[in-house]
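Undergrad: Next one to model:
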Amino acid sequence: MEIFERLAWYGFFAVSSIYMTTPKSQGGVGFSDIERGAIQGIIPFFLYLLPVLTGALGDRIGYKKMFIISFVIMAPSYFLLGQVKDFWPFFIVLSFVALGAACFKPVVVGTIAHSTNEQNRGLGFGIFYTMVNVGGFLGPLIAGAMRAISWDAVFMMSAAWILLNFVPVLFFYKNPPSLKKQNDKSLKETINEAQSVLGNGRFALVLFVSIVLLMCAGVEWLTYPQAFLAIALWLISNVVWNLFAKESASYWWQEKIKVSNAKFAIYLAILTGFWTVYNQLFYTVPLFIRDFVDTKDLVQFLSLFGQGAVDFFAYVDEEKISAAIVALFNDIKLNNTIEFETLRLEWVHLKVNVPTNELANLVTELRLITNNTDELNSKQIQNYTAHLLAYRQVNPEYLINLDFAAIVLLQIFVSLLCQRFKSIYVLIAGLIIIAAAFIFLIGSQHNMVGWVITVVILLIALGEMLTSPKSQEYVASIAPKEQAALYMGYYFVSMALGFLCAGFLSGWSYANLALGMNKPELMWLLFAAIAGITSIALWCFNLYSKNKAPEPVMN
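TA: Presented below is the predicted three-dimensional model:
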């Protein structure tokens with residue numbers, strides 16, 4: 001079931017940035033990068049927060065029922081996602097996909113926890129993590145083949161994967177015997193216990209309002225300066241509020257702000273930086289490959305394996321190319337102004353990245369033809385189409401898939417190499433590698449070809465292999481044993497905040513720095529700086545922790 005659910009999610013997620021920014025005329029929804037960033041920030045934010053509640057609900061009603069509920073929500077939602085074309089309908093439908101996924105996640109992990117013991121739990125979760133990455137690896141491959149048919153096929157395939165999950169859940173799955181039929185705690189008690197790990201209700205209110213204001217900027221109800229000003233005023237008002245509050249009071253809103261576990265809260269805040277930069281692999285890198293990277297060198301490499309390999313990994317719809325040439329000819333005939341960079345960025349959606357100097361030559365030739373005829377003949381269209389096919393590009397989702405391939409092949413080896421080192425140092429090393437990947441992109445800006453982006457993706461994958469498992473291991477090492485599960489649940493809060501920041505920063509930086517200023521190197525410098533600052537913050541946090549209490553040595 002985990003493989004099928006990941007096939008559905010990553011089948012969409014790996015191409016989500018490309019789909020949302022593809023014009024409606026070419027099958028996409030034509031969102032701006034700001035709109036795209038808002039969706040990619042807000043929806044996953046709630047996806048990773050909701051399991052705190054859906055997990056508690058699953059304990060109360062049973063895992064099997066929760067699985068069925070999740071599939072009933074997800075299957076039609078994935079299908080409808082391909083039918084809605086406007087921002088808010090798309091946002092709402094994707095919210096239901098996230099709700100279904102949030103129902104699914106905790107009961108999968110809960111099933112493994114209940115179905116294993118101390119002797120085989122590591123193996124059980126190892127198998128689970130492998131299944132996640134098998135689905136993550138196959139999902140984009142299949143999605144790439146589906147979008148060669150049509151964008152609708154991508155969403156129908158995701159829905160089909162979820163529908164397949166009804167077979168195992170209805171005919172084979174049984175609730176683990178150790179699962180209590182009725183949880184002793186009410187939902188309210190569960191929420192209060194979860195909240196108390198970091199602080200009291202006042203602390204939760206400060207965070208909630210600040211995040212909502214940030215979201216308002218993400219969906220352009222406020223500008224970012226207005227949102228940051230509102231957050232600053234909100235924080236100042238809470239400082240004043242605190243002066244009149246009491247240490248303990250009858251009502252939560254009368255109490256002073258309390259942080260229960262400052263060390264853990266700081267760690268989660270710092271870890272948000274890692275998820276912010278890592279998620280650019282899915283949010284920003286696919287767009288950057290499409291718009292700025294010339295992958296003809298990879299196409300030439302694929303040609304060694306035959307035309308079939310080229311057609312699969314670098315599929316181009318020749319009919320759409322021909323139609324684009326005719327449309328350009330008609331624009332020239334009408335003496336419309338041709339902006340070569342705008343035309344290049346329009347044609348990359350057709351998966352050909354034609355240099356502006358070649359476009360200039362093409363326009364000159366077509367302009368000469370307009371002097372003699374009112375339309376192109378089939379032979380001319382065929383010749384120009386064949387010429388443009390020389391600039392065909394590898395699908396970005398296939399290159400991003402190298403991340404999953406590297407994890408499937410190397411994660412166990414990397415983990416074995418790192419087990420002798422303290423988790424905090426491995427965390428720092430992973431962030432430094434990700435920062436180095438972005439710096440390598442900056443240094444290669446004048447030679448942005450396929451092998452460069454391949455190296456960058458593999459470096460990011462290595463950074464993830466170091467940081468992601470160790471970040472969870474560190475939480476396990478500092479959590480009180482009686483609250484280990486609760487602390488691990490809070491680990492996902494850093495992921496939620498990371499997705500939120502990643503989406504907003506991706507949308508803003510791509511729209512303003514990469515496209516607006518035509519300086520994508522400034523965008524990568526921003527993300528390299530965040531990775532570097534996060535690694536420095538972890539180093540300082542480690543020094544602070546040593547002064548408070550020594551971290552257990554991880555063997």
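
Undergrad: Give me the helices and strands touching the helix or strand harbouring Val475, please.
TA: Using DSSP states H and E, Val475 sits within helix 450-478. Secondary-structure packing of helix 450-478 (3 or more C-beta pairs under 8 Å, 6 or more residues apart in numbering; DSSP states H and E): helix 262-278, helix 285-292, helix 296-302, helix 396-418, helix 423-443, helix 484-509. Just so you know, the C-beta spots here come from the backbone N, C-alpha and C atoms, and that holds for glycine as well.

Undergrad: Turn those into a markdown table, including mean neighbour count.
TA: A markdown table is the format used below for the helices and strands packed on helix 450-478 (neighbours: other C-beta atoms under 10 Å):
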| stretch | mean neighbour count |
| --- | --- |
| helix 262-278 | 21 |
| helix 285-292 | 22 |
| helix 296-302 | 17 |
| helix 396-418 | 19 |
| helix 423-443 | 22 |
| helix 484-509 | 22 |
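
Undergrad: so can I have a markdown table of these showing distance to Ser535 and mean pLDDT?
TA: Shown next, in a markdown table, are those (distance: least, C-beta to C-beta, whole Å; pLDDT from 0 to 100):
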| stretch | distance to Ser535 | mean pLDDT |
| --- | --- | --- |
| helix 262-278 | 9 | 90 |
| helix 285-292 | 20 | 96 |
| helix 296-302 | 31 | 95 |
| helix 396-418 | 16 | 87 |
| helix 423-443 | 4 | 93 |
| helix 484-509 | 15 | 84 |
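
Undergrad: ok, now which ones touch the residue nearest to Gly27 when sequence neighbours are not counted?
TA: Sequence neighbours aside, Trp151 is the residue nearest to Gly27 in space, at 4.1 Å (criterion: C-beta to C-beta, 6 or more residues apart in numbering). Counting by C-beta atoms under 8 Å, 6 or more residues apart in numbering, Trp151 makes contact with Tyr19, Thr22, Gly27, Gly28, Gly82.

Undergrad: so the fourth one sits in a helix?
TA: No - with DSSP: H, G, I helix; E, B strand; the rest coil as the criterion, Gly28 is coil rather than part of a helix.

Undergrad: So what's the residue count around it?
TA: 18 (other C-beta atoms under 10 Å).

Undergrad: again, but for the one 10 residues further on
TA: As a burial measure, the neighbour count of Ala38 was computed by other C-beta under 10 Å and equals 25.

Undergrad: do you know how far it is from Ser32?
TA: Ala38 is 9 Å from Ser32, where distance means C-beta to C-beta, to the nearest Å.

Undergrad: before we move on, what about Met495?
TA: 26 Å.

Undergrad: now do Pro225
TA: 19 Å.

Undergrad: In terms of packing, which of the two has more residues around it?
TA: Each of Pro225 and Ser32 has its neighbours counted (other C-beta under 10 Å); Ser32 has more, 16 against 9.

Undergrad: The more buried one and Ala511 touch, don't they?
TA: Yes - if you go by C-beta atoms under 8 Å, Ser32 and Ala511 touch, sitting 6.6 Å apart.

Undergrad: and Tyr63, which of the helices and strands packed on helix 450-478 is closest to it?
TA: Nearest to Tyr63 among those is helix 484-509 (15.3 Å), distances taken as C-beta to C-beta.

Undergrad: next structured bit after that closest one?
TA: In N-to-C order, the element after helix 484-509 by DSSP H and E is helix 520-548.

Undergrad: Quick one: distance of that following helix to the chain centre.
TA: 20 Å (C-alpha atoms, centre = their mean, to the nearest Å).

Undergrad: hey, what's in contact with both of Ala38 and Ser32?
TA: Gly507.

Undergrad: what sits against the residue lying farthest from the centre of the chain?
TA: Distance from the centre of the chain peaks at Asn372, with 51.3 Å (C-alpha atoms, centre = their mean). Not one residue lies near Asn372 by C-beta under 8 Å, 6+ apart.
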